[in-house]
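In: Task: produce atomic coordinates for the following.
(chains A and B)
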Amino acid sequence: MILNTIAAPNRKRSVRTVQKGVLAEVWKYRYLHLLALPCILYFLVFKYVPMYGIIIAFKDYKGMNGFSGIVHSDWVGLKNFNLFFNSIYFWRLVRNTVVLSVYLLIFAFPAPIILALLINEAGKAWFKRVVQSISYMPHFLSWVVCAGLVLQILSPTGGPVNALMELMGRDPVAFVSDPHYFRTILVLTNIWKEVGWGTIIYLAAITNIDPELYEAATMDGARKWHKMWFITLPGIKEIVAIMLILSMGNILDGHFEQVFNLYSPAVYEVADNFDTYVYRQGLVEAKFAYSAAVGLFKSVVALVLVVLANRVAKRLGSEGLW
Amino acid sequence: MKLTLGEKAFDVGNTILLIVLCMAMLYPISFVFGRSLMTDLDRAAHPFSIFPMHLDTSGYRYVFSSGSYIVNAYMITIVRTLVGTLCNLLFTAAFAFVLSNKEYPLRNALTMIISFTMWFGGGLIPVFLLIKTLGLYNHFAVLILPGLISVWNVLILRNFFMQLPRGIIESARIDGANDLVIFLRIVLPLSSAALATISLFYAVGHWNSWFDAMIYINDKDLWPVQVFLREIINNTNLNNLIQSDAVVEVSPPAQSVVMATIVVTTLPILCVYPFLQRFFVKGMTVGSIKG
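Out: Numbers count the residues shown, from 1 in each chain, chains lettered A, B, ... in the order given. Next up, the predicted model:
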């Protein structure tokens, strides 16, 4: 009782000073708050409100009331998910997404490393610069443009590849709409577009290697490939390991822009992945709740993979992504 | 040291390989550029040639004819790139400046809140429904607002701001400058190189983007060029390019129009990228610094 009466005014005063402290703090940083406010608002509205909208995946969304319709429709639990897991599409999408990613890991991942080594060995500085500039070029084109180029080059009527095959006495092939060739086309166009750009990070790592190592090796009579094998490659070993792990975290990435601009119903069987399927089911056929469920499944698994990959990268001594 | 025979052979082989590689990089684009000016007859007779024998500009005349949407779409793309990049830059820099202040009490919380959105999001459908509810569907602002701030660019710029010499900022503060003045008068002018890099990231993104316009806009008067290009690549129906009430004098081969549209969409980027790539490379390597 006595304690209480003594403590009460104290507590009151301390609350007041804390309040004053908070207000003073708010006032002290008023301009920073002012600058941050519209940005925070942006992230709230365009990033976090849609996250709340994910509940549509567990609902029976019928109305056309836009976002507010999500809140008012009935819960259906995991119905949308069960529908997806039991459809023929589930395994098809998993297979197509993973197969493309594995192909890219095998063929597209080493390509910029090899190109970086070759550029590094190229003689004149101006020659290196020209090669680099030209190889960066496709990176600056949109996938719409690249798809346009691919369709022209591979066209069965008037494309140079088919013209070459005709010279060799073979029948023309509609490559882009042929399921046998579609994945190959994806891998090749991916390499064509990004191989040059991918060398940047490796060339930066190579320039960071101590030049004294090369001088010492030369003194000891090391040849070109000795230096490449024993100095350059070990010098970029770590960055290669980190890039490899991080790209494993992205294994569920559907390369939407690339696939979407090149695929057609004839190749859905090998081309369709989570991203393209969500687009078609959601925005073309207006099955909003169902496709949101498919999208949610994919983004949760992808998040887990990225977190795992980052853990491993950190254990290897990298600073990781965060 | 003298090179051995094997090393000389490697050098020669390497040089040849790199030249062939460069030609492979350039062939598709020069193929389309050159053949956009050919007649159908020449295209059929010379399947590999990239040099036009008889100049035929009908594809371009069609694309730029008075009833064509492309001229308007070009304006949309340019306005979108300019206004969009300016807005991107303003808000990205403001947020990066706030987060670069180590004493700012909300710094860590805000950094975590925005970083999380890099790895997880609501996804296509909730965003689409939100855009409709906000009344942004079929509105020019939808090309700018949803992608206003890229977290990645905020973090790059924040790291750059944190490396600025503290002394200048502190002495300005002692002279009575508030945060707003420091941001506008000191931090921004000192960071012009980094700001240029970030703007270029955004500008190329705007120029090349098509998906947002494709799903959020069905009014052809608001479509950027990339969406028209997609449209005529996918169904070679040239009428899609021309307003329904317009009369066009030229009737070019379909392929000339498709190729001319590709050229028109690509040319500006190809003209500027050699000058911009140095900034991009810088941006790629600056981003790796952690703070």
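In: Contact residues of the stretch 151-300 of chain A facing chain B?
Out: By Cβ under 8 Å from any Cβ of the partner chain, the residues of the stretch 151-300 of chain A that approach chain B are A:151-153, A:158-160, A:163-164, A:192, A:196, A:200-201, A:204, A:218, A:221, A:223-225, A:257, A:261, A:278-279, A:282-283, A:288, A:291-292, A:295-296, A:299. All C-beta atoms are positioned from the backbone trio N, CA, C, and that covers glycine.
In: Can you go through the residues you listed and name the buried ones?
Out: By neighbour count, with 16 or more other Cβ atoms under 10 Å in any protein chain shown, those hold A:151-153, A:159-160, A:163, A:192, A:196, A:200-201, A:204, A:223-224, A:257, A:261, A:278-279, A:282-283, A:288, A:291-292, A:295-296, A:299 as buried.
In: now the chain, which segments are flagged as low pLDDT?
Out: You didn't say which chain, so I picked chain A. A:1-19, A:63-64, A:317-322 (pLDDT under 70).
In: Wait, chain B was what I had in mind.
Out: Judged by pLDDT under 70, the stretches of chain B that qualify are B:1, B:236-238, B:244-249, B:283-291.
In: What does the one residue sitting closest to the centre of it show for phi and psi?
Out: Most central in chain B under Cα atoms, centre = their mean is residue B:204, positioned 1.7 Å from the mean C-alpha point. With angles defined as degrees, to the nearest 10, residue B:204 sits at phi -60, psi -40.
In: go on, residue A:202?
Out: According to degrees, to the nearest 10, residue A:202 has phi -70, psi -40.
In: Then residue B:64?
Out: Here is the backbone geometry of residue B:64 (degrees, to the nearest 10): phi -100, psi 20.
In: same thing with the one 10 residues further on?
Out: For residue B:74, the backbone dihedrals (degrees, to the nearest 10) come out as phi -60, psi -40.
In: do the same with residue A:159
Out: Residue torsions, per degrees, to the nearest 10, at residue A:159 are phi -80, psi 140.
In: I'd like to know which of the buried ones among the residues of the stretch 151-300 of chain A next to chain B are part of helices.
Out: A:151-153, A:160, A:163, A:192, A:196, A:200-201, A:204, A:224, A:257, A:261, A:278-279, A:288, A:291-292, A:295-296, A:299 (DSSP state H).
In: Tell me which stretches of the stretch 1-150 of chain B form helices.
Out: Using DSSP state H, counting those that start in this stretch, the helices of the stretch 1-150 of chain B run over B:5-35, B:40-45, B:58-63, B:69-100, B:107-119, B:124-133.
In: CSV please, covering the ones you listed and showing distance to residue B:278.
Out: As requested, these are exported to CSV (distance: least, Cβ to Cβ, whole Å):
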stretch, distance to residue B:278
helix B:5-35, 19
helix B:40-45, 37
helix B:58-63, 32
helix B:69-100, 18
helix B:107-119, 26
helix B:124-133, 35
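In: if we compare these, which one ends up closest to residue A:304?
Out: helix B:107-119 (10.2 Å; Cβ to Cβ).
In: check contacts around the residue nearest to the centre of chain B.
Out: Residues near residue B:204 by Cβ atoms under 8 Å, 6 or more residues apart in numbering or on different chains: A:140, B:269, B:276.
In: Skipping adjacent residues, who's closest to the last one in space?
Out: It refers to residue B:276. Nearest non-adjacent residue to residue B:276, counting by Cβ to Cβ, 6 or more residues apart in numbering or on different chains: residue B:200, 5.1 Å away.
In: Could you confirm that neighbour falls within a helix?
Out: Yes. When DSSP: H, G, I helix; E, B strand; the rest coil is applied, residue B:200 is found to be in a helix.
In: Near it, how many other residues are there?
Out: Neighbour count of residue B:200, defined by other Cβ atoms under 10 Å in any protein chain shown: 20.
In: Tell me how far it lies from residue A:102.
Out: 34 Å (Cβ to Cβ, to the nearest Å).
In: Tell me which of the helices of the stretch 1-150 of chain B lies nearest to chain A.
Out: helix B:124-133 (2.9 Å; Cβ to the nearest Cβ).
In: by contact count, what packs against the closest one?
Out: In terms of contacts (3 or more Cβ pairs under 8 Å, 6 or more residues apart in numbering or on different chains; DSSP states H and E), helix B:124-133 is packed against helix A:49-53, helix A:66-72, helix A:274-279, helix A:288-315, helix B:211-216.
In: what sits against residue A:158?
Out: By Cβ under 8 Å, 6+ apart, the contact list for residue A:158 reads B:43-44, B:47, B:255.
In: out of those residues, who's near chain A?
Out: Within these, those near chain A by Cβ under 8 Å from any Cβ are B:43-44, B:47, B:255.
In: which stretches of chain A form strands?
Out: A:59-60, A:74-75 (DSSP state E).
In: Dump those strands to JSON lines, plus mean neighbour count and distance to chain B.
Out: Below are the strands of chain A laid out as JSON lines (neighbours: other Cβ atoms under 10 Å in any protein chain shown; distance: least, Cβ to the nearest Cβ, whole Å):
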{"stretch": "strand A:59-60", "mean neighbour count": "18", "distance to chain B": "11"}
{"stretch": "strand A:74-75", "mean neighbour count": "9", "distance to chain B": "16"}
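In: and of those strands, who's closest to residue A:113?
Out: Across the strands of chain A, closest to residue A:113 is strand A:59-60 (Cβ to Cβ), at 47.0 Å.
In: Show me what that closest one pairs with in its sheet, parallel or antiparallel.
Out: Applying DSSP bridges to the sheet, strand A:59-60 is found paired with strand A:74-75 (antiparallel).
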